[in-house]
Every structure is written in structure tokens, then in C-alpha cells.
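[1] Test case, fold it:
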Amino acid sequence: MTKYIRHFWLAYPFLALKIFIYYWQTDRLDMMNVYEVPILTVLFLFGLFEICSMGRGKVSRWIFYVLYVFITVVMFADAAYSSYFGKYISVNQIYQIASLGQIAGDGNVLGAAVSPGCLLTLVDLPFVLYFYRQRQKSGEPLSAMSMRKFVPYVLAHALLLIVMACAWFYYGWNPYNLRSVQKVNHIEFSTYHTNDILVNVVGKLQRGQVDEEEILATMEEIVPKSSGEDYKGVAEGMNLILIQTESLNDFVIGAEYNGQELTPNLNAMLEEDTVYFNHFYSTTGVGNTSDAEFAALNGLYPNDERECYRLYVDNTFQGLPWMLREEGYGAYAFHGYVKTFWNRDEAYKTQGFQHFYSQEELDMTEVSGFGLTDKEMFRQAVDILKEKGEPFFSFMVTLTNHIPYELDPSLATLEVKESDKGSTFGNYLQTVRYTDEAFGDLVQYLKDAGLYENTMIVIYGDHQGMNMETPAVKSKMSQFLGREYNYDEMLNVPLIIHIPGLGEAKTIDTVGGQVDIMPTIANLMNVETGQPFVFGHDLLNADEGFVAQISYIGKGSFITGDNNMLFGIGKDSTVESGSLWDLRDGSRMNLNISLCQQYSDRANALIDTCKKVLDYNLIADYVTH
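    Modelled structure (predicted):
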């Protein structure tokens with residue numbers, strides 16, 4: 001008994017400390033009045049490990065080792081994922097390990113994206129395993145409490161958590177709508193992951209039928225409307241170059257740093273033949289960059305289950321590539337990285353692209369960061385497009401402005417302040433400037449090839465480049481903006497539509513997102529979508545602006561032009577613990593719970609209804625390819 005106390009009970013403080021570090025790193029402590037959730041986790045895990053401690057010999061020891069390491073790894077994964085995306089990891093992200101492995105070779109990428117504090121969830125591991133091994137060597141009974149008395153207590157406790165998760169999953173169980181139960185369901189470690197497995201494994205096995213008419217009726221109520229025919233067909237018959245720009249935030253447009261324009265070429269573009277949307281927002285799911293592509297090409301919302309390029313790789317689609325191919329266009333995709341990343345090589349086939357030019361086919365003549373530089377990709381793409389002939393639809397995904405924003409010194413032209421050199425902020429501004437120069441080169445390449453006058457260029461950002469969850473980044477950004485850097489700026493990416501010969505330059509402040517790109521382009525080119533499942537709307541004729549959010553700020557969050565509101569759902573998934581910002585200046589607004597609940601329900605309905613369309617492949621009923 002003495003050895004038991006001396007050895008193993010010394011491990012328990014480490015475990016308790018790890019649990020509180022976990023909730024601190026995942027930013028959940030601020031919503032716990034009496035720390036009820038971490039205390040529940042402590043009790044559950046203490047009991048679980050006591051069960052593992054009751055046996056003798058190697059089997060008991062290895063069960064403990066494996067279980068403790070597994071829980072530690074999951075906690076670390078939660079903390080790391082939450083530091084970037086603001087939520088716990090899901091069993092669905094197991095499929096993203098391959099993509100992670102492709103970038104893990106560059107430790108700077110993970111270092112820039114993940115908070116170093118996440119490593120604190122690992123520091124107890126060697127100590128606890130040491131204490132347990134010493135306890136095993138003592139030969140003493142491995143539990144101070146008898147098996148007969150202790151097991152019923154622990155099993156009852158474990159059963160309670162599992163039943164709670166099951167009840168919430170199957171019946172939305174929450175007696176009296178208690179917020180404490182809501183917290184446990186959404187943020188307690190054991191219950192969240194139990195429920196996650198139930199939702200994503202058991203739930204799929206029990207999937208039933210879907211009422212297509214009911215879905216269409218729901219869409220009629222929740223999808224934002226457009227009316228009128230402004231700009232209809234102004235780009236009809238023109239070539240289309242759609243450029244998804246890596247990590248391009250809107251705040252850089254028109255901004256100056258250290259006496260220099262950050263985006264001189266884009267600024268010049270905005271002055272002539274261009275429509276610019278300055279209240280445009282990222283609508284990515286867990287697939288991040290790939291989900292931004294998916295939303296833009298199809299007018300469909302991604303979801304929080306898995307990246308759409310893998311989850312729906314065998315679906316039938318009728319997005320921009322297919323729509324324009326039916327009009328006689330060639331459809332080609334370009335990206336200067338490996339073709340298998342985000343499963344693009346397979347997904348692009350069902351998206352409708354006739355050929356995907358990736359790192360494997362492009363000449364790697366100039367490499368910086370992850371792969372081929374933007375300037376070189378643009379140059380080679382124009383050469384290929386000229387050879388392919390008109391009309392064409394070219395989808396280009398840039399790469400140079402990718403975290404950790406490392407640019408070969410020979411390519412750097414921005415004079416960065418000494419205090420910003422080597423920082424994520426300083427590096428980001430440098431690569432933004434390079435990508436802007438690449439846009440200027442692209443225009444010149446098109447002119448030299450005789451393609452410019454007949455080509456519409458659409459440029460948008462995929463997601464944030466400056467993560468406000470990183471303290472150093474938030475501090476630098478707040479200094480740069482002259483106000484607190486928050487979600488209103490972080491989620492804001494530009495949408496720029498340049499049409500040679502348009503004859504006007506216009507800025508539109510209608511709220512929109514990547515899901516609106518496809519219907520907006522369809523209006524400009526006067527092409528029909530060919531199927532009813534479009535969840536975005538034409539921003540040039542919008543009756544309202546409304547965007548549902550998934551990643552970074554959480555499902556149930558929304559952005560609306562009504563009252564210029566950005567709402568972030570609480571991390572316990574309740575409106576009551578959410579936050580509201582004014583889109584005009586980023587200031588906090590008083591939380592109108594009933595109004596925000598109404599909009600939050602609409603945002604959830606958009607995501608959930610779109611997921612049903614994708615889960616049941618309903619678009620296939622309307623197309624023949």
C-alpha cells in the first residue's frame with residue numbers, strides 16, 4: 001500500500017493537470033462557471049485508469065500504456081486542430097492523415113499553423129508511464145480499492161457518459177434545456193468523441209430515405225434570393241479564368257505597409273472594368289482549401305464531416321466545368337503541387353475538368369515554398385491555354401502565399417520593417433506582394449498571347465492567411481489595422497471580377513461567400529445551372545446577403561447584411577454563449593438572442609440540407625453525363 005501511494009498516486013496530479021491544459025488549449029475554460037466539464041473528465045479518466053490498474057502482469061501494463069498514449073494523442077490532436085480551426089477533431093479527419101503527411105516534411109508549416117502550447121498535453125506522458133511501471137514492479141495489489149467495490153462505481157460512471165451521448169445523438173436529449181447538459185454534449189472530451197463516433201459511424205449505417213420535394217421546399221425558404229438581370233450575359237462567350245488565391249485576406253486590398261502598396265496590381269485592376277465585392281467571406285468546411293474550391297465551383301456548402309473532394313468523389317456534379325463544357329468550352333485545372341493532395345486528381349474528374357496540370361506535368365522551373373511559384377504557373381498555363389484554343393475555362397489554384405509564407409529572397413520585393421522580419425505577419429505581407437505581382441504578370445501574359453480582351457478573370461481568396469487564434473499574429477494585425485483583429489476581418493476574403501470592356505469599375509458591399517461564385521458567374525456568362533440544387537445566389541442581383549459558416553467560427557455561425565452582423569456560435573454550440581460583431585468596424589454588438597437564434601437556425605439548415613443533397617447524390621437525377 002505504501003508503494004502504491006508513493007508511485008501511482010503521484011501520476012494522478014499529472015493527469016489532472018493535463019486535462020486542465022487540454023481545456024485551456026482548446027479555449028473551453030472561458031465558458032465553464034465551476035469547471036464542471038474538466039472535473040467530469042478527471043473523474044471519468046481516473047476511474048478508467050483505475051480499472052486498468054487492477055490487474056497484474058504484462059497484459060494489464062500494456063493495456064494501460066496503450067490507453068494512456070491513445071488518450072494523450074487524441075487530446076493533442078484536439079488541441080492542435082482547435083488552435084487552427086476552433087473545434088475538436090473528428091473521427092472523419094482520419095482520412096486527412098495522408099494529406100497531412102504530404103506537408104509534414106516541412107516542420108515550419110505545422111509550426112506556423114499549430115500553437116506550441118499544444119505540446120503541453122504531451123509532457124506528462126513519460127512521467128505517468130514511469131510511475132505506473134514502478135507501481136507494477138512493486139508487486140503490490142494494483143488498486144487501493146477492492147475490485148468488488150470499485151468496478152460498479154466506475155462502470156456506472158462510464159455508462160452514464162455513454163448513455164448521455166447516445167441519448168443526445170438519437171433523441172436530442174436535454175431535459176429542461178439545461179445548458180450544463182449542452183456543455184457536456186459538445187465540449188466534454190469523453191462524451192464529445194463518443195458522440196462523434198455515433199454520429200459518423202452508427203448514423204451512416206442507419207441512414208434512411210430522403211424526400212426530394214421536402215428538400216426543395218426547404219431550399220425555397222432558406223436560400224438567399226436574387227431578382228433582376230443586371231450584368232446578365234456581359235461575359236457571354238468569353239473565356240473564363242477563375243483563380244483561387246491561397247490565404248488571400250481582403251484587408252490587403254488597397255492597403256499600404258511601410259510606405260508601399262501591398263497589392264498595386266490588384267488595386268489598378270479595381271479601377272477599370274472590374275466589380276469588387278468587399279464583404280465576401282470564406283465558407284470552407286474541414287477540407288479548408290479544397291472545400292473553398294468545391295463551394296466556388298458548385299454553389300454548394302461543404303460540411304464538417306470530411307473534405308468534400310474525398311467524401312463525395314463518386315457523386316455526380318453540375319458545376320462550372322460541366323456547365324461550360326456543355327457550351328463548348330474546354331475545362332482545365334492548374335496547380336503547382338502534387339496532384340494527389342486533397343484527392344484533386346480523382347475529384348477533378350467528377351467535377352468535370354478534362355485535364356489537371358499539376359506538379360507532375362508542369363515544368364518546375366522556379367520553386368518557392370511548397371512548389372511551383374505563381375508567376376511560373378501563370379506563364380505555363382497561358383502557354384497551354386493558347387495551344388488548347390478558345391473558348392476555355394481555366395481554374396487556377398495559387399500556392400506561393402501558403403503558410404508559413406516562406407519566399408526565396410531573390411523573389412522578395414517588399415521592404416519589411418526590421419521588427420517584422422521573420423515573423424508570420426512580415427512573411428505574409430511579403431508573399432502577398434509576390435502573388436500580386438504574379439497577377440500583373442498574368443494580365444501581360446494574356447495580352448501577349450492575344451487572349452486578354454476575350455477573357456474574364458475572377459479572383460477570390462480561399463481562406464484566412466492571418467489566424468487570430470495565434471496571439472502574436474493577432475497582436476501584429478491589431479497594430480496594423482488600428483483596431484482589434486477579429487473574425488470580421490479574418491473571414492473576409494476578396495472577390496474580384498475583371499471583364500475587359502465592361503466600361504465601369506464598381507464596389508459592391510453585399511454580403512456573400514464562395515458558395516455564391518458559381519451562380520454569379522452563370523449570370524455573367526448567361527449559362528443555365530441545369531439543376532435546382534444551388535445554395536448560393538447571384539450577388540450582382542442579390543435581394544439580401546447571407547452566408548452560413550462552418551470552420552474557424554463554428555457551425556451555426558452566420559454573416560448577414562441585415563444589421564451588418566457577424567455571429568459566432570458559442571463553443572458549446574449555444575446561441576446564448578455566442579458573440580456578435582458589427583461588420584462595419586468590428587465592434588462588439590449586444591447579443592439579440594431571439595434574432596441570432598433565428599439566423600443560426602437558418603445557417604444550420606443551409607449546411608444540413610446541402611449535406612442531404614450530397615449524401616443522397618440528388619444532382620444525379622438532373623444530369624446525364
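
[2] from memory residue 371 sits against residue 339, does it?
    No - the pair formed by residue 371 and residue 339 falls short of the contact definition of CB atoms under 8 Å, at 11.1 Å. C-beta coordinates here come from the backbone N, C-alpha and C atoms, glycine included.

[3] overlap in contacts of these two?
    Common contacts of residue 371 and residue 339 (CB atoms under 8 Å, 6 or more residues apart in numbering): residue 359.

[4] tally of neighbours for residue 236?
    12 (other CB atoms under 10 Å).

[5] Please tell me how far the closest residue to it other than its chain neighbours sits from residue 538.
    Counting by CB to CB, 6 or more residues apart in numbering, residue 236 lies nearest to residue 526, which is 4.4 Å off, once chain neighbours are set aside. Here the distance between residue 526 and residue 538 works out to 12 Å (CB to CB, to the nearest Å).

[6] if you count what's nearby, which of those two comes out ahead?
    Summary of the neighbour comparison: residue 526 and residue 538, criterion other CB under 10 Å, with residue 538 having more neighbours (26 against 15).

[7] Quick check: phi and psi on the closest residue to the more buried one other than its chain neighbours?
    On the basis of CB to CB, 6+ apart, the spatially nearest residue to residue 538 that is not a chain neighbour turns out to be residue 226, at 4.1 Å. The main-chain torsion angles of residue 226 are listed as degrees, to the nearest 10 and equal phi -130, psi 150.

[8] what pLDDT does residue 226 get?
    Residue 226 carries a pLDDT value of 96.

[9] in this structure, which helix or strand is least confident?
    The helix or strand of the chain with the lowest confidence, counting by mean pLDDT, DSSP states H and E, is helix 2-7 at a mean of 45.

[10] Summarise which helices and strands the helix or strand following it is packed against.
    Elements were assigned by DSSP states H and E; along the chain past helix 2-7, the next helix or strand is helix 11-25. Judged by 3 or more CB pairs under 8 Å, 6 or more residues apart in numbering; DSSP states H and E, helix 11-25 is in contact with helix 36-52, helix 57-85, helix 125-138.

[11] try 10 Å
    Contact partners of helix 11-25 among helices and strands, from 3 or more CB pairs under 10 Å, 6 or more residues apart in numbering; DSSP states H and E: helix 36-52, helix 57-85, helix 125-138, helix 189-197.

[12] just so I know, which of these lies nearest residue 241?
    Nearest to residue 241 among the helices and strands packed on helix 11-25 is helix 57-85; the distance by CB to CB comes to 30.0 Å.

[13] How many residues are close by the residue nearest to residue 427 when sequence neighbours are not counted?
    Spatially, and ignoring its direct neighbours in sequence, residue 427 is nearest to residue 405 (3.7 Å; CB to CB, 6+ apart). When counting by other CB under 10 Å, one arrives at 26 neighbours for residue 405.

[14] same check, this time on the one 3 residues further on
    In terms of burial, residue 408 registers 13 neighbours under the definition other CB under 10 Å.

[15] just the one 5 residues further on next, same as before
    The burial metric for residue 413, expressed as a neighbour count using other CB under 10 Å, is 11.

[16] Also the one 4 residues further on?
    Around residue 417 sit 12 other residues, with neighbours defined as other CB under 10 Å.

[17] Next, the contact list for it, please.
    With contacts taken as CB atoms under 10 Å, 6 or more residues apart in numbering, residue 417 has the following neighbours: 257-258, 423, 425-426, 429.

[18] tell me the phi and psi of residue 429?
    With angles defined as degrees, to the nearest 10, residue 429 shows backbone torsions of phi -60, psi -40.

[19] whoops, residue 500 was the one
    When quoted as degrees, to the nearest 10, the phi and psi of residue 500 stand at phi -50, psi 130.

[20] Could you report the distance from it to residue 539?
    Shown here: residue 500 relative to residue 539, a distance of 20 Å by CB to CB.

[21] Please apply the same query to residue 339.
    According to CB to CB, residue 339 stands 32 Å off from residue 539.

[22] same check, this time on residue 19
    Summarising the geometry, the distance separating residue 19 from residue 539, computed by CB to CB, is 46 Å.

[23] Check residue 458 too.
    When CB to CB is applied, the distance between residue 458 and residue 539 equals 12 Å.

[24] Kindly report the same for residue 303.
    Counting by CB to CB, the separation of residue 303 from residue 539 is 22 Å.

[25] Over to residue 460?
    Distance from residue 460 to residue 539, counting by CB to CB: 11 Å.

[26] what's the overlap in contacts for those two?
    If you check residue 460 and residue 539 against CB under 10 Å, 6+ apart, the residues they both contact are 277, 280, 495, 497, 512-513, 517.

[27] so can I have TSV of the residues you listed showing secondary structure, neighbour count and distance to residue 570?
    As requested, those are arranged in TSV below (DSSP: H, G, I helix; E, B strand; the rest coil; neighbours: other CB atoms under 10 Å; distance: CB to CB, whole Å):
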residue	secondary structure	neighbour count	distance to residue 570
277	strand	27	29
280	strand	29	25
495	strand	25	29
497	strand	27	36
512	strand	29	25
513	strand	31	22
517	helix	29	30
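
[28] Show me which pair in the residues you listed is furthest apart.
    Greatest spatial distance in those: 497 and 513, 14.9 Å, computed using CB to CB.

[29] Next, the contact list for the nearest residue in space to residue 337 that is not next to it in sequence, please.
    Excluding the flanking residues, the one nearest residue 337 by CB to CB, 6+ apart is residue 371, at 4.3 Å. For residue 371, the set of contacting residues under the criterion of CB under 10 Å, 6+ apart consists of 335-338, 341, 358-359, 362, 364, 377, 399-400, 402.

[30] Also residue 242?
    Counting by CB under 10 Å, 6+ apart, residue 242 makes contact with 293, 296-297, 320-321, 333, 393-397, 456-460, 497, 517-518, 521.

[31] Tell me the secondary structure at residue 577.
    Three-state call for residue 577 (DSSP: H, G, I helix; E, B strand; the rest coil): coil.

[32] Tell me how many other residues surround it.
    Counted with other CB under 10 Å, the neighbours of residue 577 add up to 17.

[33] From residue 568, how far out is it?
    Using CB to CB, which is the criterion applied here, residue 577 is 10 Å from residue 568.

[34] As JSON lines, the contacts of residue 417 with neighbour count would be great.
    Putting those into JSON lines (neighbours: other CB atoms under 10 Å) gives the following:
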{"residue": "257", "neighbour count": "20"}
{"residue": "258", "neighbour count": "12"}
{"residue": "423", "neighbour count": "16"}
{"residue": "425", "neighbour count": "25"}
{"residue": "426", "neighbour count": "19"}
{"residue": "429", "neighbour count": "26"}
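
[35] Let's see which of those residues end up in helices.
    The helices in this structure, assigned by DSSP state H, contain 425-426, 429 from the contacts of residue 417.
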